[in-house]
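> The sequence and its predicted three-dimensional model are supplied below.
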Amino acid sequence: MVRIALISDIHFGKDARTMEFSVPGESCGGNTEGAASLTDGLVDVLQSMNVEYIFVAGDLTSVGSPQEFFYCEKKLIEIINRVNIPIDNLIVGVGNHDIDWKIAKLSEGYQNGASEETVQIVKNGYDRIAGNASLYNLNSIGAQRYLNERGDIPFTGVIEREDFILFILNSGWCCTPEKLGGMLTQQQVEWFREQASRYRDDQRWKIVMLHHHPRAYENPIKTKNKENISLLEEGAELINIAGEYHIDLILHGHRHHPRAETMCVGDWDYPVAFICAGSLSVSPIDRNGGDIPNTLHIIELADNPRAIYLYNYEYSSGSGWIRSTNFRQDNPMDYIMLLGCSFRIEERRRAIIELAATHGSNEIVWAELDDCLKSLSAEKLLKMMIETLADTHRVTGEFFRNPVYILDKKLL
């Protein structure tokens, strides 16, 4: 078993919610004076959950400036040192906010009667330099340090560990001030296809990490931004490759609204789980005015039986990092979720009927349920139990909040 902390969208600097994640002497977008320490609470969760790795799915900074990278790197190293996580187990990808837009805009001053072709050459050159800012500003961390197989594009490659194989993709390197959408390019897609095919039959967990979301998620709340802003251009192609070559998990950030779900289509042999990390520390204005919480996730890759468990936390100014409560619009995640499983509705109904027949009046404990039931959200599971047993039993309680019982109506 291995446990991995997944975070994303730190936005260290001017877009952060707290001065803990801001550049000394510069302001930030949030005001958490008197609030619980985001850093101390984060360390407490990582220690209590015995986390071995930390994955960061991009957008370390707000504007990709040297000072933001410097202090963000310093903060991350502080955190892993406090938790005793080796620096090689801090695995970092980059996003569109890790591009230095000041460099990209240098081309705006180049006109001087030059030809259209020359102007474009200058613009493309500065865009490439801006897109590689993280390479020059991260001194001690970053995926480039410990790749087993390096991709042709910066911050891409394959990392092999005893428990997993991680494919790191860079969906932000083509972003410009005019184009913020995620893009891999066909070169990166084909590179990923080739690498995924090499490991198709490897029995270790296979994980993809990138920044932009590869599929269009339904927004459970009405947000001030477009529903699927900056969707990855090659998302459908990436997902098809993942399904064909037995990828277990796709991790990403970008959308500050967390989400986790499992997908199995067509002739895939196995399902693929998706986890959108939301944002660790971006300010309220970039979380729908504060309606959506900052979030932290612990992924448990279990063996015997093989299973993906996801533990979800959200930040509260008064209480620090707390367990996420049952599915709700601003944070559609339970505290514990089982991912990577695909079941038919008939299997689930049979399991509920069997549960009612064998459990008597004892409390129904989520951890002891059949996997086909644990793969549902707590809200959906409770609703299905009530509907399935409506004629014979009364279901009371609420998973993760109040004890759940199945009571035989004949005995009431």
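Okay, I see it. Residues are numbered from 1 along each chain as shown.

> Can you show me the helices along the stretch 151-300 of the chain?
Under the criterion DSSP state H, counting those that start in this stretch, helices of the stretch 151-300 of the chain are mapped to 186-198, 235-244.

> what's near enough to touch the residue most central in space within the chain?
Centroid-nearest residue in the chain: A277, 2.6 Å away (criterion: CA atoms, centre = their mean). Each residue near A277 by CB atoms under 8 Å, 6 or more residues apart in numbering is listed here: L6, I7, S8, D9, A57, L251, H252, G253, P258, T295, H297. (C-beta placed from N, C-alpha, C; glycine too.)

> Looking at it now. What's its pLDDT?
What the model reports for A277 is a pLDDT of 97.

> need the contact list for the nearest residue in space to it that is not next to it in sequence.
Closest residue to A277 apart from its sequence neighbours, by CB to CB, 6 or more residues apart in numbering: S8 at 3.7 Å. By CB under 8 Å, 6+ apart, the residues touching S8 are 56-59, 95, 211, 252-254, 277-280.

> Format those as a markdown table; extra columns: distance to S22.
Formatted as a markdown table, these follow (distance: CB to CB, whole Å):
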| residue | distance to S22 |
| --- | --- |
| V56 | 18 |
| A57 | 21 |
| G58 | 19 |
| D59 | 15 |
| G95 | 18 |
| H211 | 22 |
| H252 | 25 |
| G253 | 19 |
| H254 | 21 |
| A277 | 21 |
| G278 | 20 |
| S279 | 15 |
| L280 | 14 |
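
> Can you say which of those residues are buried?
Burial by neighbour count, 16 or more other CB atoms under 10 Å: within the contacts of S8 this picks out 56-59, 95, 211, 252-254, 277-280.

> Strands - which of these land there?
Per DSSP state E, strands hold the following members of the buried ones among the contacts of S8: V56, A57, H252.

> Using JSON lines, lay out those residues together with distance to D202.
What follows is these, written out as JSON lines (distance: CB to CB, whole Å):
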{"residue": "V56", "distance to D202": "24"}
{"residue": "A57", "distance to D202": "22"}
{"residue": "H252", "distance to D202": "22"}
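
> Save those as CSV, and put in distance to N137 and pLDDT too.
Output for those, formatted as CSV (distance: CB to CB, whole Å; pLDDT from 0 to 100):
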residue, distance to N137, pLDDT
V56, 15, 97
A57, 18, 97
H252, 22, 97
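
> In stretch 314-332, which residues are buried?
Under 16+ other CB under 10 Å, the buried positions of stretch 314-332 are E314, Y315, S317, G320, W321, I322, S324, T325, N326, F327, N331, P332.

> now swap in stretch 188-199 and tell me
Those would be Q188, V189, W191, F192, R193, Q195, A196, Y199, for stretch 188-199 by 16+ other CB under 10 Å.

> which residues are in contact with it?
Stretch 188-199 is contacted by residues 149, 151-153, 156, 158, 165, 167, 169-170, 184, 206, 208, 234, 237-238, 241-242, 244-245, 247 when judged by CB under 8 Å, 6+ apart.

> one more time with 7 Å
149, 151-153, 156, 158, 165, 167, 169, 206, 234, 237-238, 241, 245, 247 (CB atoms under 7 Å, 6 or more residues apart in numbering).

> Then stretch 14-30?
If you take CB under 7 Å, 6+ apart as the criterion, stretch 14-30 is touched by 10, 12-13, 32, 37-39, 62-63, 67-68, 71, 75, 281-286, 294.

> how long is that stretch from one end to the other?
9 Å (CA to CA, to the nearest Å).

> Pull out the buried residues from it.
Here stretch 14-30 shows 14-23, 28-30 as buried, counting by 16+ other CB under 10 Å.

> So for that stretch, mean pLDDT?
Taken as a whole, stretch 14-30 carries a mean pLDDT of 90.

> Equivalent analysis for stretch 46-54, please.
98.

> Check the offset of that stretch from the chain's centre.
16 Å (CA atoms, centre = their mean, to the nearest Å).

> in that stretch, what counts as buried?
By 16+ other CB under 10 Å, the buried positions in stretch 46-54 come out as L46, M49, V51, E52, Y53, I54.

> neighbouring contacts of stretch 367-381?
Stretch 367-381 is contacted from outside by 262, 326-327, 334, 338, 341, 343, 347-348, 351, 366, 384, 399-400, using CB under 7 Å, 6+ apart.

> hey, C-alpha coordinates of the lengthiest helix in the chain in PDB?
Counting residues, the longest helix in the chain under DSSP state H turns out to be helix 66-83. Coordinates of each C-alpha in helix 66-83 appear next as PDB, following Å, rounded to 0.1, in the frame of the first residue of the first chain:
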ATOM      1  CA  PRO A  66      11.100  34.300 -10.100                       C
ATOM      2  CA  GLN A  67      10.200  35.400  -6.600                       C
ATOM      3  CA  GLU A  68       7.000  33.300  -6.500                       C
ATOM      4  CA  PHE A  69       8.900  30.200  -7.700                       C
ATOM      5  CA  PHE A  70      11.600  30.800  -5.100                       C
ATOM      6  CA  TYR A  71       9.300  31.200  -2.100                       C
ATOM      7  CA  CYS A  72       6.900  28.500  -3.300                       C
ATOM      8  CA  GLU A  73       9.700  26.000  -3.500                       C
ATOM      9  CA  LYS A  74      10.900  27.100  -0.100                       C
ATOM     10  CA  LYS A  75       7.400  26.500   1.400                       C
ATOM     11  CA  LEU A  76       7.100  23.000  -0.200                       C
ATOM     12  CA  ILE A  77      10.500  22.000   1.100                       C
ATOM     13  CA  GLU A  78       9.500  23.300   4.600                       C
ATOM     14  CA  ILE A  79       6.400  21.100   4.500                       C
ATOM     15  CA  ILE A  80       8.200  17.900   3.400                       C
ATOM     16  CA  ASN A  81      10.900  18.400   5.900                       C
ATOM     17  CA  ARG A  82       8.400  18.700   8.700                       C
ATOM     18  CA  VAL A  83       6.700  15.500   7.600                       C
END
